[in-house]
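*Asks:* heads up, no residue letters with this:
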């Protein structure tokens, strides 16, 4: 039975724009089935998800032509409340999804939007949070959560809606493989018991190998492709066997000893001790919420530490001025929008290049354009960074940091939201920079890339950092 039908959809972001993000897209989604949508970064997958959920063009963009039919009725004719009961969506960037300050309030806000009985709300909140394994986060401020924890909260709000269709845009971008499997199990249970239709945008096809799904591969403009692109898109499986090692690391750029890490009363580690080598790629892995992103914020000076010691090239970190840290250490945030400071893609690179190579404006434009060509972003050079896809924003964020002459680059999930081909392009570029002397500290849940490109791997587990080797 057809649940959601797209008829010849063409969409662009403004009337004047010549670029059609979705062009002549037609497809039917049947009740109770699972659909996995994949394709190269920037082909329009996330935009399509917003259209399917009824959020576009209501809140952004122009539907040039076409219709979306939900249960035999045009989707725009549903009220927001009725549509939410039919379709729930989990955004790729969960920060743009939340409206309230803490987790409990966020789930209650969701329930209020569908007129859920007030006297039953507390029970429902506990139910969906426990289902997602995050009941312990109920009273936490959302701003203090890790990216993976935020994704689980977003999933809990979707479960609270009990929608007949669930759309998920890169639901595993910031979670470890164990959490990803837990989320899949929750979704499969919904699909089996309630015949919930699942539409998932994902690059990590290997996670779904045991699931009976309909694969939809998209090319540019959301054109459905018959070409087998799996060789470029699918990540390779690796052995999960590992061992802990105690090899001494020499020629260190960072030495961390007895460091306390946490937010307020939430202590993530009390005596964290490890070292980072110069000119190498050091990766930090661990479950969502372990403290990986919090650690990067300490190492770049965004957050100050109270206990323990951080030595940077033998100098105590606390004694370094903020200006010195900015010149020596760069960071690529988990959410790239947090670091954009201009309104043009090329200006993001020029801002850094003009500071590093003074009085070389023409040469810097050439440098910026060459970098954009190398990362397949040249055609967007005059676009706003905020108009790019999440994957393209990630590439731009990496490039803007690599333009500088910092000694250290901290990367928080630099390949999240990227297809396998593009992820490897980024990692090859980072590998090249490390060989030129740049020290790179990488936080990632993509174990495939971590194992392949890292010189050293640390696992953040049980409030400790231990060096690990995959065998």
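*Replies:* Sure, I can see it. What you see is a predicted model, and the numbers here were worked out from it, not measured in a lab.

*Asks:* Assign residue 272 to helix, strand or coil.
*Replies:* strand (DSSP: H, G, I helix; E, B strand; the rest coil).

*Asks:* give me the beta-bridge partners of it?
*Replies:* Beta-bridge partners recorded for residue 272 (DSSP bridges): residue 259.

*Asks:* Could you check which helix or strand contains residue 8?
*Replies:* strand 2-12 (DSSP states H and E).

*Asks:* how about that strand: buried residues?
*Replies:* Residues of strand 2-12 classed as buried: 3, 4, 5, 6, 9, 10, 11, 12 (neighbour count, 16 or more other CB atoms under 10 Å). Backbone N, C-alpha and C define where each C-beta goes, glycine included.

*Asks:* ditto for stretch 107-122
*Replies:* 107, 108, 110, 111, 113, 114, 116, 121.

*Asks:* which one of those is nearest residue 97?
*Replies:* For the buried residues of stretch 107-122, the residue nearest residue 97 by CB to CB is residue 110; the value is 10.0 Å.

*Asks:* In space, what's closest to that closest one - neighbours in sequence excluded?
*Replies:* Counting by CB to CB, 6 or more residues apart in numbering, residue 157 is the residue found nearest to residue 110 once chain neighbours are left out, at 4.4 Å.

*Asks:* Run a quick neighbour tally on the one you found.
*Replies:* 26 (other CB atoms under 10 Å).

*Asks:* Equivalent analysis for the one 5 residues further on, please.
*Replies:* Applying the criterion other CB under 10 Å, we find 17 residues in the vicinity of residue 162.

*Asks:* quick one on the thing from earlier: give the partner strands of the strand holding residue 8 in its sheet and their orientations.
*Replies:* When DSSP bridges is applied, strand 2-12 pairs with strand 22-30 (antiparallel), strand 62-70 (antiparallel).

*Asks:* Spit out the contact partners of the residue nearest to residue 110.
*Replies:* Residue 157 makes contact with 88, 97, 106, 107, 110, 128, according to CB atoms under 8 Å, 6 or more residues apart in numbering.

*Asks:* so where's the stretch 51-200 of the chain uncertain?
*Replies:* Applying pLDDT under 70 to the stretch 51-200 of the chain picks out no residues at all.

*Asks:* how about the helices of it, start to end?
*Replies:* 80-86, 103-112, 121-131, 147-161, 177-194 (DSSP state H, counting those that start in this stretch).

*Asks:* Now the first one: buried residues?
*Replies:* Going back to what we said before, that points to helix 80-86. Those would be 83, 84, 85, 86, for helix 80-86 by 16+ other CB under 10 Å.

*Asks:* now, which of the residues you listed sits nearest residue 266?
*Replies:* Distances from residue 266 to the buried residues of helix 80-86, taken by CB to CB, are shortest for residue 84, at 32.1 Å.

*Asks:* ranges for the helices of the stretch 201-350 of the chain?
*Replies:* 230-233, 292-299, 322-328, 345-356.

*Asks:* what's the next secondary structure element after the longest one?
*Replies:* Read it as helix 345-356. helix 361-374.

*Asks:* and that following helix, what's its mean pLDDT?
*Replies:* Helix 361-374 shows a mean pLDDT of 94.

*Asks:* now for it, which elements pack on it?
*Replies:* helix 345-356, helix 390-402 (3 or more CB pairs under 8 Å, 6 or more residues apart in numbering; DSSP states H and E).

*Asks:* So which of these is nearest residue 74?
*Replies:* Using CB to CB, the helices and strands packed on helix 361-374 put helix 390-402 closest to residue 74, at 28.5 Å.

*Asks:* The closest one vs helix 345-356, what angle?
*Replies:* Helix 390-402 runs at 10 degrees relative to helix 345-356, counting by axes from the mean of the first three to the mean of the last three CA atoms, to 10 degrees.
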